[in-house]
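Q: here is my input; please provide its structure:
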Amino acid sequence: MKTFNAEEVAKHTSPDSCWVVLYGHVYDVTDFLSSHPGGSKPEAKLGKIDPQTLANPAKPAAKEEKKDEVDPPLESLLNLDEIEELATKKMSRRAWAYYYSSADDTWSKSNNNLVYRNIILRPRVFVDCTACDSSTALIGTKVGLPLFVAPAAMARLGHPDGEQGIARAASKFGALQIISNNASMTPEQIVSDAKPGQMFGWQLYVQNDRAKSEAMLVRINKMADKFKLICLTLDAPVPGKRELDEKSSFINAAPVAAATKTGDESSRPGGGGVGQQLFWGTAADLTWKATLPWLAKHTDLPIVLKGIQTHEDAYLAAQYAPQVKAIILSNHGGRALDTAPPAIHTLLEIRKYCPEVLNKIEVWVDGGIKRGTDIVKALCLGAKAVGIGRAALFGLGAGGQAGVERVFEILKAEMETCMKLLGAKDISALGPQHINARMVERDIYDGAAGLDKMGLWTKSKL
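A: Numbering: from 1, shown residues only. Coordinates of the predicted model:
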């Protein structure tokens, strides 16, 4: 295999000839720039990079020390914090910064998890809990778990297995995977060896150039046997200020922009971290009145709206059933607007102001999931499914596909243990009687419902 020096690679940064360096290997991604951000096939590998020709080569002593380290067996990792700790040691600084970072003072990211600690479980006894069925159905498709992989970009930053590794892991548990609009592999690559019945969703960031989004929808529509939904993301019309990620742009690394920029695109701004680069070209002009009708013209797939953060918007979303089949209550993992509410707050708002929404469309949540008990608490409050984003990426970083499988193993076992101890034989048996959420209820929005004061919108019974 040929070895290149950094000067040779640096000559190939144009749309006509674009090379990138990943994990010490040099790839020619010229042919992929116009079809998908960041994707590269194994046959595009040209050779290896000579690390001594880079501006800041790793110190030999540090490399030898790394080689001497032995990773603990994945089965010895008993919770998601231990998986994240191992992934942090193994991933590049830039990959870790992108995955870990959140907006401003990181309050929303932290509170996403802390809010679950303030919900108390209420176990029932003298219930036969020998068996426990954790399967369910999402928008009419049976899945093995009420746990799905939320869209998370650039998985190959953390491990070469990338999104396909996540897909293979999810298939072993019958779990839904929503693939990021900014995935590091093409959708065709990711689902290429999917098992029959495996469920995928495609995340859509609508582009300023609508033709690009429409072209992608054409590709996804052709794979409707695998893709069962379009996840329209609404909680980040512009990128948040992720300071840790922005700092990483000063670390010597292969530029992400080169791998994501298409040939007919204007120059992207320098710096700003991975997140700023990936958001380039994303439309900020989406509206209820224009966007959903536009989407209906370009796909018949069910729509899931991601990023609902108030009961008013949940109520409006329900008006668009059956085109809109579900909503995901989310603050973008705390990566967009800091001090935005955790999903549990929005779920409690819905229960207080417009509980009929829960019967009209499915309500999913994401953000802050660290334990199986967190999943169960959300289900008890009426969520139909619970998403994980960083957990899947850190699973990849810790051990590739096997690391993601370990994440699923841990959460599934914790969830089923919790259900048995509560006295719930299956998902349908879970309800608000199993929890005490008073400590959280005192902090949710307590103003006017506002459901009949929405301008063009008229209040109606769902």
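Q: would you map out the domains in this protein?
A: Per automatic domain parsing, the structural domains of the chain span 2-70, 95-441.
Q: weakest of those domains by average pLDDT?
A: Note on the domains of the chain: domain 2-70 shows the lowest mean pLDDT, a mean of 59.
Q: ok, the closest residue to Gly450 other than its chain neighbours - how many residues close by?
A: Excluding the flanking residues, the one nearest Gly450 by C-beta to C-beta, 6 or more residues apart in numbering is Glu312, at 5.4 Å. To be clear about C-beta, it is placed using only N, CA and C from the backbone, and glycine gets the same treatment. Close neighbours of Glu312, defined as other C-beta atoms under 10 Å, add up to 20.
Q: same deal with Asp193?
A: Asp193: 11 surrounding residues under other C-beta under 10 Å.
Q: next, the contact list for the nearest residue to it once chain neighbours are set aside, please.
A: Nearest residue to Asp193 in three dimensions, chain neighbours excluded: Arg168, at 7.4 Å (C-beta to C-beta, 6+ apart). Contacts for Arg168 (C-beta atoms under 8 Å, 6 or more residues apart in numbering) come out as 161, 193, 401.
Q: pretty sure Arg168 is in a strand, no?
A: No. Read with DSSP: H, G, I helix; E, B strand; the rest coil, Arg168 is helix and lies in no strand.
Q: is it correct that Val304 falls within a strand?
A: Yes. According to three-state DSSP, Val304 belongs to a strand.
Q: would you mind measuring from it to Ala317?
A: Distance of Val304 to Ala317, given as C-beta to C-beta, to the nearest Å: 10 Å.
Q: which residues do those two both contact?
A: 324, 327.
Q: distance of the residue in the chain sticking out farthest from the centre from Asp133?
A: Going by C-alpha atoms, centre = their mean, the residue of the chain most distant from its centre is Phe126, 39.0 Å out. Note on Phe126: its distance to Asp133, by C-beta to C-beta, is 20 Å.
Q: same check on Ser184?
A: For Ser184 relative to Asp133 (C-beta to C-beta), the value is 35 Å.
Q: could you do Val365 as well?
A: Taking C-beta to C-beta, one finds Val365 at 21 Å from Asp133.
Q: how about Asn436?
A: Between Asn436 and Asp133 the distance, using C-beta to C-beta, works out to 25 Å.
Q: Ile375 is in contact with Leu411, isn't it?
A: Yes. Using C-beta atoms under 8 Å, Ile375 is in contact with Leu411, at 6.6 Å.
Q: where do the contact lists of those two overlap?
A: Between them, Ile375 and Leu411 share the contacting residues 147, 369, judged by C-beta under 8 Å, 6+ apart.
Q: more crowded one of Ser184 and Asp133?
A: A direct count of neighbours by other C-beta under 10 Å for Ser184 and Asp133 places Ser184 higher, at 26 against 13.
Q: in a helix, the more buried one, correct?
A: No. Ser184 is assigned coil when assessed by three-state DSSP, not a helix.
Q: that one against Leu157, yeah?
A: Yes. At 6.9 Å, Ser184 counts as touching Leu157 under the criterion of C-beta under 8 Å.
Q: wait, which of the contacts of Arg168 is closest to Tyr205?
A: Nearest to Tyr205 among the contacts of Arg168, counting by C-beta to C-beta, is Asp161 at 23.6 Å.
Q: whichever helix in the chain runs longest - contacts with which helices or strands?
A: Longest helix in the chain, counting residues (DSSP state H): helix 390-422. Applying 3 or more C-beta pairs under 8 Å, 6 or more residues apart in numbering; DSSP states H and E, we find helix 390-422 packed against helix 80-90, helix 93-100, strand 120-121, strand 147-149, helix 162-171, helix 372-380.
Q: for Gln198, find the nearest of the ones you listed.
A: Closest to Gln198 of these, according to C-beta to C-beta: helix 162-171, at 5.0 Å.
Q: let me know the next secondary structure element after that closest one.
A: strand 177-179 (DSSP states H and E).
Q: quick one: buried residues of that following strand?
A: Neighbour-count burial for strand 177-179, with 16 or more other C-beta atoms under 10 Å as criterion, is recorded at 177-179.
Q: name the helices or strands packed onto that strand?
A: Judged by 3+ C-beta pairs under 8 Å, 6+ apart, the packing partners of strand 177-179 are strand 147-149, helix 162-171, strand 200-204.
Q: so can I have a markdown table of those showing distance to Lys370?
A: Below are these laid out as a markdown table (distance: least, C-beta to C-beta, whole Å):
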| stretch | distance to Lys370 |
| --- | --- |
| strand 147-149 | 13 |
| helix 162-171 | 18 |
| strand 200-204 | 23 |
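Q: I am finished for the moment; much appreciated.
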